[in-house]
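**Q** Next one to model:
(one chain, ligands or ions: 2)
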Amino acid sequence: MANFNIDSKKARTYDAIVIGSGISGGWSAKELTEKGLKTLVLERGRDVQHIKDYPTTNMMPWEFAHRERLPKEITDANPIASRCYNFKESSAHFFAKDNEHPYVQEKPFDWIRGYQVGGKSLLWARQTQRWSKYDFEGPARDKFAVEWPIGYDDIAPWYSHVEKFAGITGNKDGIDTLPDGEFLAPHDLNCVEKYFKEQVGKQYKDRHIIIGRAAHITDPQQIHLDQGRAKCQHRVICERGCPFGGYFSSNSSTIPWAMKTGNLTMRPHSVVHSIIYDDKKQKATGVRVIDANTKQMMEFYADIIFVNAAALNSNLVLLNSTSSRFPNGLGNDSGVLGKYVAFHNYRASVSGEYEGFLDSTTDGKRPNSGYIPRFRNVYKQETDFLRGYAAGFGANRNTYSDRNGLGESLKSNLHETKYGNWSVGSHMMGETIPKESNYVALDKDLKDPFGIAQLKISVGYDDNDEKMIKDYVEQVSEMFTNAGFKNVKSHDGNRNPGNDIHEMGGVRMGKDPKTSMLNQWNQLHACKNVFVTDGACMTSTSTQNPSLTYMALSARAVDYAVKQMKAKNL
Ligand SMILES: Cc1cc2nc3c(=O)[nH]c(=O)nc-3n(C[C@H](O)[C@H](O)[C@H](O)COP(=O)(O)OP(=O)(O)OC[C@H]3O[C@@H](n4cnc5c(N)ncnc54)[C@H](O)[C@@H]3O)c2cc1C
Ligand code: SF4
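**A** Ligands and ions are numbered 1, 2, ... in the order given. Coordinates of the predicted model:
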């Protein structure tokens, strides 16, 4: 008679386990399965299958009971998620709900999460810029955080690798602070944006206005058609999930691709509790999972483990993975686990009006906008704060309708759109400095609904951020004024850290195991068969949107891990 226990253990044993199925986990799974590894993806949330599980994607505005706004009882129950601009009647089902997933805010921190297959890749704004050498060299040169163990040249081929597959629209702008990539046809700037670009070009040597780089398929290549994806239709309701696969998400791209290899097992409703470390083997042997439906603890085993639960949840999983060898969290010999968390500062914005081009307006929609790459403190230290900021930029024609009249006249007034001046706007994307005092830890008393310690987040702004906000407002206001824009105003939204949704760090890469958790291959210095390739690994944050870099690091780390595994080094 078969020994059921042995069989069951075998059925729960894989070559590789990936924790999380979002942007980075999807890439880890794709690369591992393509290289022939039987891979288990553990995802705490429900399954969301491309097209089938996008319930609102074809709904018209009038088909929503509250015209896209959420009822007060829902916003009251979700005060944190509600502060995200994308938490709407059409997309709220892709956000983790505040009351179901508690955490401790030692300082105010808006932790925005997407707990389902695909993670936040269903919700993101799809901006995808490469980092430049100035970003990787920053800490060594400016003496903050620790030195990166890799430079731009190490990751450049992997940026190309992921860009070609994901499909990135952009223009080759030849700007050394923002390296060009493998781009599909660019979107266009509108006439006022082009005018601003010209004015800035005339007045500032080192400042540029460009069209954003974004994960949208503008001219599908064979590799995109092979994924079953099609050209973006510019509907700009991407956060509902796109049935065309017009934008990159794990659900439309990496996960179905990995599934087609026959090597992927996707297990939704699987909350990873911790990673199992075997003292004798001196390596990780698997993970403990709580089944979200039954609340039962189970174990799964593998030779290599990729941690892709999104930055702060990856910290949580490692902190919760204690053993006699690692009493303070897996791989945490240095004591830096959970520390040096950083994020992006999106607090300030500048607006204005332009009285020209009154014979023009915009036509249709564009799932993208203009972008101002970082120009501060790049070649030398120019200001009294470290590092710099990039910024978004866009122009739109103001419209309004006359609400006077009664009956037929009111109806025709409402139908006739009237145009005002162009409005112009910009928002900052500032780099924050990773500091030991910005940390996450496990709360000693409070547990989540699965009995796992709640994450305590202690992350705040500092003086450097305040000075940077002031400089951004001054510089962009000056650029707007010099371009002839009127009514220039600035605004500090005072948003909490976290609302940028670019939290990073806590499991940082570095050269020295005494001051970092991961080596140049995203491999735990002290537990070689565990790799962390989401935002937790970031040593510093740059001013660029981060997800493209997580994708490239994931693909690069898998390539290394599989080679090491085949060479029997793991
Ligand atoms: C509205 C919005 C706009 C954004 N705009 C941009 C942008 O323009 N450009 C950009 O680069 N980034 C943007 N981002 C950020 C981007 O979405 C994230 O950087 C990216 O999704 C991170 O990838 P990830 O794999 O680390 O995490 P995620 O995509 O969040 O995936 C993590 C997955 O892990 C799962 N998980 C967590 N804990 C566990 C556990 N214990 N066990 C099992 N599974 C677990 C989660 O359920 C989730 O599915 C935006 C995000 C949002 C919400
Ligand atoms: S803008 Fe493009 S990617 Fe977004 S929903 Fe429309 S077709 Fe899809």
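**Q** low pLDDT regions in this structure?
**A** Within the chain, the segments meeting pLDDT under 70 span 1-6.
**Q** give me that answer again for 80
**A** Residue ranges of the chain with pLDDT under 80: 1-7.
**Q** Near ligand 1, which residues of it are found?
**A** Applying CB under 6 Å from any ligand atom, we find that the chain lies next to ligand 1 at 19-25, 42-45, 84, 86, 112, 114-116, 119-121, 123-127, 270-272, 308-310, 313, 317, 501, 534-535, 545-547, 550. Where you see a C-beta, it was placed from the backbone N, CA and C, and this is true even at glycine.
**Q** ok, now which ones touch whatever residue of the stretch 351-500 of the chain ends up closest to ligand 2?
**A** Of all residues in the stretch 351-500 of the chain, residue 367 sits closest to ligand 2, at 4.0 Å by CB to the nearest ligand atom. Contacts for residue 367 (CB atoms under 8 Å, 6 or more residues apart in numbering) come out as 126, 187, 214, 216, 232, 234, 236, 238, 246-247.
**Q** how about the nearest residue to residue 482, chain neighbours excluded?
**A** With CB to CB, 6 or more residues apart in numbering as the criterion, residue 482 has its nearest non-adjacent residue at 5.5 Å, and that residue is residue 203.
**Q** Let me know whether the one you found touches residue 484 as I believe.
**A** No - with contact defined as CB atoms under 8 Å, residue 203 and residue 484 do not form a contacting pair (11.2 Å).
**Q** neighbouring contacts of stretch 171-186?
**A** 129-134, 152, 156, 159-160, 163-164, 167-170, 208, 210-211, 213, 216-219, 221, 373-375, 378, 544.
**Q** To clarify, my last question referred to stretch 135-146.
**A** For stretch 135-146, the external contacting residues (CB under 8 Å, 6+ apart) are 147-148, 150-152, 155, 340, 377, 381, 386-387, 433-434, 508, 510-512, 515-516, 539-540, 542-544.
**Q** related to what we said a few turns ago, would you mind stating the distance between the residue of the stretch 351-500 of the chain closest to ligand 2 and residue 200?
**A** Using CB to CB, to the nearest Å, residue 367 is found at 24 Å from residue 200.
**Q** all helices for the chain, in order.
**A** Under the criterion DSSP state H, the chain contains helices at 4-11, 23-34, 72-77, 133-142, 152-166, 191-203, 222-226, 254-260, 311-319, 408-415, 463-482, 547-566.
**Q** Buried residues in the third one, which are they?
**A** Neighbour-count burial for helix 72-77, with 16 or more other CB atoms under 10 Å as criterion, is recorded at residue 74.
**Q** Same question for the shortest one.
**A** Buried residues in helix 222-226, counted by 16+ other CB under 10 Å: residue 224.
**Q** ok, so of the contacts of residue 367, who is nearest residue 458?
**A** Taking CB to CB as the measure, residue 458 sits nearest to residue 126 out of those, at 30.5 Å.
**Q** The closest one contacts residue 213, correct?
**A** No - if you go by CB under 8 Å, residue 126 and residue 213 don't touch, sitting 9.4 Å apart.
**Q** hey, which strand is longest across the protein?
**A** Counting residues, the longest strand in the chain under DSSP state E turns out to be strand 418-431.
**Q** got the CA coordinates for that strand in CSV?
**A** The C-alpha coordinates for strand 418-431 follow below in CSV (Å, rounded to 0.1, in the frame of the first residue of the first chain):
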residue,chain,number,x,y,z
LYS,A,418,-17.2,75.5,-24.7
TYR,A,419,-13.4,75.8,-24.4
GLY,A,420,-11.4,78.0,-22.0
ASN,A,421,-7.6,78.4,-21.8
TRP,A,422,-5.3,75.4,-21.7
SER,A,423,-4.5,74.2,-18.2
VAL,A,424,-1.0,72.9,-17.5
GLY,A,425,0.1,70.8,-14.5
SER,A,426,3.0,69.0,-13.0
HIS,A,427,3.6,66.8,-10.0
MET,A,428,6.9,65.9,-8.4
MET,A,429,8.4,62.5,-8.0
GLY,A,430,11.2,62.9,-5.4
GLU,A,431,13.8,60.5,-4.3
